[in-house]
Every structure is written in C-alpha cells, then in structure tokens.
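Visitor: Predicted model and sequence below, questions to follow.
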Amino acid sequence: MSRINRRRIALIICAVAAYFLLIFLLVQAESGSNGDGGIHSYRDAFWYSLVTLTTVGYGDFSPQSLGGRLIGAVFLILSTGILALLFSLAYSLLTGRLFPHFRLWRHRRSKWILFYPDNEASRALASHFPEDCVIFCCSDRKDNPSFLFLGDTPEALLSLPFATQGERLLFAMSEDVEQNEHLASSLLSRPVRIYCRGEGLNESLPDNIVRFNQYDCAARLYWQLKPQSPGGEQIVLLGDGHFARSLLRQGILTAPPECTFELFGDWHLFNALHTEISQLPPSILRLHFHSEDWTMSRPVLQSASRIIICSDSETENRDLLRLLCQYYVTKGEFHVRAHPGFQKAFYFGTPDMLFTPELVMRQRQNMLARSLHDMYRNSVDYPVPTWEELSDFLKRSNLAAADHILTKVRLLLPEENILTLSSETCRKAAEKYETLSPEQREQLRAIEHYRWYTFHALYNWQYAPVRNNAARQHPMLVPYEALPEEERAKDDNAWLQLSTLSSEVNV
C-alpha cells in the first residue's frame with residue numbers, strides 16, 4: 001500500500017473516531033436536561049447530527065445544555081464543509097466516471113479508438129480520427145471536450161459489459177516497447193485489434209496484433225514526399241541508428257536504377273544484417289560505406305544531389321546542419337530529421353507527420369499487396385496459397401511490390417509531381433505504358449526484375465541453379481540479360497497491373 005493511501009485511511013479513521021466522540025460527549029452533556037425536544041439517547045444524538053450536518057434542520061431535537069450547544073455549534077460549522085464535499089463528490093462522479101461511461105454506453109455500437117498512454121504520439125495520431133470515438137485511457141487531461149479522457153485502463157474499459165458490441169481498436173503508443181507488448185499480450189482474448197508501437201516484424205504475431213514503429217513510418221513518408229529522380233542520384237546519409245537504417249532500407253527498395261548512396265557513420269550492423277546487398281551490380285545500386293568522418297569528404301558533400309541528416313538525436317541533427325550551413329558549399333538540398341528550425345532545409349520525421357492512420361495502419365498498402373497477390377493467383381494455372389497461407393517473407397515481398405507502385409507511376413509520368421497514388425494517376429500511367437515502344441518496355445522489364453532482385457538481396461538470398469527457400473537460394477538472381485525470355489516476359493505483368501489497380505487505389 002502506498003504512503004498516500006495509508007494517509008487517507010488514517011484520516012478517515014480519525015474523522016470517524018472524532019464523530020463518535022462528539023456523539024458521546026453530546027449525550028453526556030444532555031443527560032441532565034429534561035426539556036421537550038432535548039437529546040436523551042444515542043439515537044436522538046445520531047438523528048440530530050444527521051439533520052444538522054446535511055443542513056436539513058427539522059428542529060425536532062436541539063441541545064438544551066451549554067455543553068450540548070457548544071457541540072451542536074461544531075456540527076453546524078461542519079455542515080457547510082460536508083455539503084460542499086457532497087456537491088464536489090457528485091460533480092466528480094458525474095464528470096470523472098459516470099458521465100463518460102454513459103457516453104461510452106451511448107456509443108457502444110460505434111467504433112471505439114483507444115489510445116494508451118496519453119502522449120505526443122497518441123495526440124498526433126488521434127487528431128486524424130473522428131472525434132466522437134476517440135478515447136484516451138489513464139488520462140486526466142480535459143483540454144479537448146470532443147475526446148473522452150478516462151482514468152480507466154484499456155483492460156478495464158474493454159471489460160465493460162457493453163464493450164463487445166462494436167469494433168474496437170487500441171493503439172499502444174508508449175515509448176516503452178515492453179509496456180506495449182505487455183498490454184497487447186494481456187488483451188489477446190478480447191475482441192480488439194491492437195496496433196502496438198515497437199520494433200521487429202509482424203511475424204508469428206496473433207492476427208489481432210500489428211506492430212509498427214516510428215522509424216519505418218519516417219522512411220516510408222520521406223521517400224513518398226522526396227522520391228529519387230530517375231537516372232541516378234547521389235544521396236548522402238549523415239548519421240546512423242534506427243532512422244538511418246530504415247531510410248536506407250526503404251530507399252533501396254523504392255530506388256530507380258543506378259542510384260548511389262554515400263553512407264557516413266557506423267553501418268556495421270546494417271552490413272552484418274544485409275550481407276548480400278553490397279554485392280549488387282552498380283547498374284542496380286551503388287552503396288559506398290565511408291570509413292572516414294564526413295568532415296573529411298568535402299568533395300562528396302559538394303557533389304551530392306541531397307544530404308539527409310538522420311541520426312536518432314534531433315539535437316545532433318541540428319548541430320550537423322548548422323556546421324554544414326556555416327562551413328560547406330553544397331549544391332544539394334539539406335533534409336533533416338528534426339522539428340522545423342531557422343536554417344533553410346526540408347524537415348521531416350516529427351510525430352505530427354509520422355503518426356497518421358495511413359503510415360501506422362497501412363491499410364492501403366495491405367490492400368494493394370493483397371490485390372497484387374490475388375492477380376498473380378488468377379494469372380497462373382497451378383495452385384498458389386491464399387494471402388493468409390503465405391509465408392511472412394512472401395507477404396513482405398508483396399508489401400514491397402505495393403510500395404513500388406508509386407515509383408512505377410512516377411517513372412511512367414516523369415513530367416508530373418506525383419506524391420501519392422490515386423485512381424487517376426494509375427489510369428494515366430497504364431495508358432502511358434500502352435504507348436511505349438518495345439525497347440522502352442524492355443527497360444521497364446529490367447527495372448522490375450532488379451526491384452525483385454534487390455528485395456531478395458536485402459534479405460540475403462543468393463543465386464543457385466535450383467530454388468531452395470530454406471537456404472534462401474533462387475536461380476533467377478542473375479543480371480537481367482541472363483534471364484530466359486519467358487522469365488523476362490513475366491515482368492510485364494507488374495506494369496500491366498496498373499490498369500487493374502486503378503480501380504482499387506482509392507478504396
């Protein structure tokens with residue numbers, strides 16, 4: 001028991017003891033009085049104290065002696081405080097628990113979107129949802145009357161008798177990953193879909209739990225807003241850590257051919273995890289891991305088309321930007337993972353940008369990935385597993401292909417500044433593809449093959465004459481020129497699918 005609770009219990013015991021002492025003294029003081037309406041028993045004393053403390057004051061009993069009147073005066077003085085306390089308790093009950101629970105009951109068949117805990121990330125994500133179904137758990141904040149702020153835990157709210165009558169979503173948004181995992185595991189038996197902030201893949205998780213993290217959200221959003229130019233860019237990454245590794249991984253998967261990454265910092269972990277990616281031919285991708293400090297590579301910085309400052313520390317990123325602005329001449333833009341500052345740069349990676357339903361829930365990406373797989377199943381004459389039966393690796397492969405659709409649309413429509421997919425842009429890209437010459441289509445075949453090649457290399461697949469999934473070996477991990485013609489023709493499907501996807505992008 002905490003010190004605060006022990007103190008409260010002691011105060012309650014003292015108050016009760018003082019009350020009974022006053023009752024005893026009142027009966028003793030009035031024992032000698034004989035007038036009508038006097039207090040002659042403990043029953044009379046209890047009744048008198050009750051009507052006095054509640055300010056009712058029927059007047060059927062009143063103290064006759066001087067001592068009894070002094071004790072009665074104490075009851076009169078206490079009655080003002082008791083009445084204020086009762087009103088305070090009633091108001092607290094109505095606004096703090098009873099009224100919010102009644103509001104929940106009224107919306108019992110609506111979607112509940114629960115956030116725990118109440119922090120900057122939760123508030124950023126909650127701002128994108130309809131206000132009448134947003135609930136903050138374990139929060140005493142009252143600054144937004146449109147949201148529900150409850151002191152209850154998610155477990156308590158989802159245990160309410162009417163909590164199973166509608167769709168329930170829970171976003172576990174704590175920076176403490178273990179706390180989120182513990183909360184998710186405690187709700188496995190409840191009918192709630194849980195989006196759990198944490199690191200790692202969604203492999204071997206129950207169907208109602210989805211992991212996400214701010215690093216992948218930042219990477220997907222960055223390359224969506226700042227896509228790489230066709231024809232090859234020279235991109236510098238300053239910094240290492242979670243954000244830098246996620247940016248590089250996503251950049252590799254969405255890069256057009258001949259892109260070059262100049263990498264400064266400690267990339268030993270990335271190299272240890274992705275041993276095959278550095279073996280890609282230069283016509284696909286160039287990764288230059290610099291052992292020297294970035295301050296010693298002035299020519300690289302000066303020639304880069306962009307410089308991404310992306311360590312895990314915002315303070316460090318700002319310091320690097322200040323040094324670059326003061327002492328270096330560069331032709332490329334500065335892109336900084338930090339809150340906006342005074343220096344001219346593109347700032348990204350702040351919670352209000354990262355925590356959106358599209359980046360956290362990935363509903364569109366998942367829908368497109370499923371559509372791509374279904375189209376593949378319908379195009380072949382041999383059994384193919386359903387989406388639910390796919391291995392985690394093949395699901396990730398389809399998700400990567402879904403992310404690359406935007407790159408394909410941009411390659412087909414280079415004159416347009418396309419930041420997001422839409423039905424209209426997919427339709428226009430599909431129409432543009434139909435007008436291409438055989439030579440141009442051959443180039444697009446090669447791009448799709450190298451995208452597939454790069455994804456497998458990122459997960460350390462290698463060439464072997466016979467496919468072996470367990471050993472991560474595949475006979476098609478070869479340069480495009482070495483592919484048989486029937487394998488090259490299969491890459492047409494990735495571009496022909498744009499026409500079909502145009503009807504599903506906006507769903």
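Guide: Noted; the coordinates are in hand. Residues are numbered from 1 along each chain as shown.
Visitor: who touches Ala218 in this structure?
Guide: 243, 246-247, 337, 348-349, 354 (Cβ atoms under 8 Å, 6 or more residues apart in numbering). Bear in mind the C-beta positions are built from the backbone N, C-alpha and C, glycine included.
Visitor: if you set the cut-off to 10 Å instead, what comes out?
Guide: Each residue near Ala218 by Cβ atoms under 10 Å, 6 or more residues apart in numbering is listed here: 242-243, 246-247, 250, 310, 337, 348-350, 353-354, 359.
Visitor: among these, which are in helices?
Guide: Judged by DSSP state H, those include 242-243, 246-247, 250, 353-354, 359 as members of helices.
Visitor: list the buried ones in stretch 184-192?
Guide: For stretch 184-192, a neighbour-count test (16 or more other Cβ atoms under 10 Å) marks 184, 187, 190, 192 as buried.
Visitor: Nearest to Ala464 among those?
Guide: Ala184 (39.0 Å; Cβ to Cβ).
Visitor: Name the SS class of that closest one, please.
Guide: Under DSSP: H, G, I helix; E, B strand; the rest coil, Ala184 falls in the helix class.
Visitor: how close does it sit to Leu170?
Guide: 8 Å (Cβ to Cβ, to the nearest Å).
Visitor: so what sits against both of these two?
Guide: With Cβ under 10 Å, 6+ apart as the test, Ala184 and Leu170 both reach 154, 192, 194-196, 208-209.
Visitor: and of the buried residues of stretch 184-192, the nearest to Trp267?
Guide: Nearest to Trp267 out of those is Ala184 (Cβ to Cβ; 31.8 Å).
Visitor: and Ser159, what does it touch?
Guide: Applying Cβ under 10 Å, 6+ apart to Ser159 gives the contacts 152-153, 187, 190.
Visitor: Now render the residues you listed as TSV, adding distance to Val236.
Guide: Converted to TSV, the contacts of Ser159 look like this (distance: Cβ to Cβ, whole Å):
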residue	distance to Val236
Asp152	49
Thr153	46
Leu187	44
Arg190	47
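Visitor: pLDDT check: weakest of the buried residues of stretch 184-192?
Guide: Model confidence across those bottoms out at Arg190, which has 89.
Visitor: Contacts for stretch 135-148 next, please.
Guide: For stretch 135-148, the surrounding residues in contact (Cβ under 10 Å, 6+ apart) are 95-96, 99-101, 103-104, 107, 112-119, 122-123, 126-127, 129-134, 149-158, 168, 170, 172, 183.
Visitor: Now the buried members of the residues you listed.
Guide: For these, a burial check counting by 16+ other Cβ under 10 Å picks out 96, 100-101, 104, 107, 112-118, 122-123, 126, 129, 133-134, 149-150, 152, 154, 157-158, 168, 170, 172, 183.
Visitor: Just these: which are in strands?
Guide: 112-116, 134, 149, 168, 170, 172 (DSSP state E).
Visitor: so which of these comes closest to Ala29?
Guide: Using Cβ to Cβ, those come closest to Ala29 at Phe149, 50.2 Å.
Visitor: for the stretch 351-500 of the chain, what spans make up the helices?
Guide: 351-354, 357-361, 363-379, 392-412, 423-434, 438-458, 485-490, 492-501 (DSSP state H, counting those that start in this stretch).
Visitor: As CSV, these with mean neighbour count would be great.
Guide: Converted to CSV, the helices of the stretch 351-500 of the chain look like this (neighbours: other Cβ atoms under 10 Å):
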stretch, mean neighbour count
helix 351-354, 18
helix 357-361, 18
helix 363-379, 17
helix 392-412, 20
helix 423-434, 18
helix 438-458, 18
helix 485-490, 12
helix 492-501, 18
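Visitor: As CSV, those helices with mean pLDDT would be great.
Guide: Shown next, in CSV, are the helices of the stretch 351-500 of the chain (pLDDT from 0 to 100):
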stretch, mean pLDDT
helix 351-354, 91
helix 357-361, 93
helix 363-379, 91
helix 392-412, 92
helix 423-434, 93
helix 438-458, 95
helix 485-490, 93
helix 492-501, 91
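Visitor: Go through these and name the closest to Thr164.
Guide: helix 357-361 (21.7 Å).
Visitor: How far away from the center of its chain is the closest one?
Guide: Centroid displacement of helix 357-361 relative to its chain, using Cα atoms, centre = their mean, to the nearest Å, is 7 Å.
Visitor: Tell me how the chain divides into domains.
Guide: 3-92, 107-212, 216-354, 362-501 (automatic domain parsing).
Visitor: and the residue nearest to Gly72 when sequence neighbours are not counted, which of the three is it?
Guide: Spatial nearest neighbour of Gly72, chain neighbours left out: Pro63 (4.6 Å); criterion: Cβ to Cβ, 6 or more residues apart in numbering. Here Pro63 is recorded as coil under three-state DSSP.
Visitor: what's Pro63 in contact with, if anything?
Guide: 26, 29-30, 33, 37-39, 45, 48, 69-73, 75.
Visitor: Which phi and psi values does it adopt?
Guide: Per-residue torsions, Pro63: phi -70, psi 140 (degrees, to the nearest 10).
Visitor: which regions of the stretch 1-150 of the chain lie under the pLDDT threshold?
Guide: Counting by pLDDT under 70, the stretch 1-150 of the chain contains low-confidence ranges at 1-6, 8, 34-38, 55-60, 83, 85-86, 88-97, 132.
Visitor: Helices of that one, start to end?
Guide: Under DSSP H, counting those that start in this stretch, the stretch 1-150 of the chain gives helices at 3-29, 42-53, 66-93, 99-106, 120-126.
Visitor: re earlier: with distance to Tyr215 added, can I get the ones in strands among the buried ones among the contacts of stretch 135-148 in CSV?
Guide: Listed next are these as CSV, based on distance: Cβ to Cβ, whole Å:
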residue, distance to Tyr215
Trp112, 28
Ile113, 23
Leu114, 24
Phe115, 20
Tyr116, 21
Val134, 25
Phe149, 29
Arg168, 27
Leu170, 21
Ala172, 17
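Visitor: Closest to Ile9 out of these?
Guide: For those, the nearest to Ile9 is Phe149 (27.9 Å; Cβ to Cβ).
Visitor: Which strand residues bridge that closest one?
Guide: Per DSSP bridges, the residues bridged to Phe149 are Phe136.
Visitor: wait, doesn't it sit right on Pro100?
Guide: Yes. With contact defined as Cβ atoms under 10 Å, Phe149 reaches Pro100; the gap is 7.9 Å.
Visitor: quick check, Pro282 in a strand?
Guide: No. Checked against three-state DSSP, Pro282 lies outside a strand; its state is coil.
Visitor: before we move on, back to that, buried deepest among the helices of the stretch 1-150 of the chain, which one?
Guide: Mean neighbours per residue, mean count of other Cβ atoms under 10 Å, is largest over these for helix 120-126, with a mean of 20.
Visitor: tell me what that one is packed against?
Guide: Packed against helix 120-126, as judged by 3 or more Cβ pairs under 10 Å, 6 or more residues apart in numbering; DSSP states H and E, are the following elements: strand 112-116, strand 134-136, strand 168-172, strand 193-197, helix 351-354, helix 357-361.
Visitor: Touching the fifth one from outside, list them.
Guide: If you take Cβ under 10 Å, 6+ apart as the criterion, helix 351-354 is touched by 119-125, 127-128, 173, 212-222, 225, 339, 347-348, 359-360.
Visitor: hmm, 6 Å instead?
Guide: In this structure, residues lying in contact with helix 351-354 by Cβ atoms under 6 Å, 6 or more residues apart in numbering are 120-121, 124, 214, 217-218.
Visitor: Report the contact partners of the nearest residue to Gln365 once chain neighbours are set aside.
Guide: Excluding its sequence neighbours, the residue lying closest to Gln365 (Cβ to Cβ, 6+ apart) is Ala402, at 5.1 Å. If you count contacts by Cβ under 6 Å, 6+ apart, Ala402 has them with 365, 368-369.
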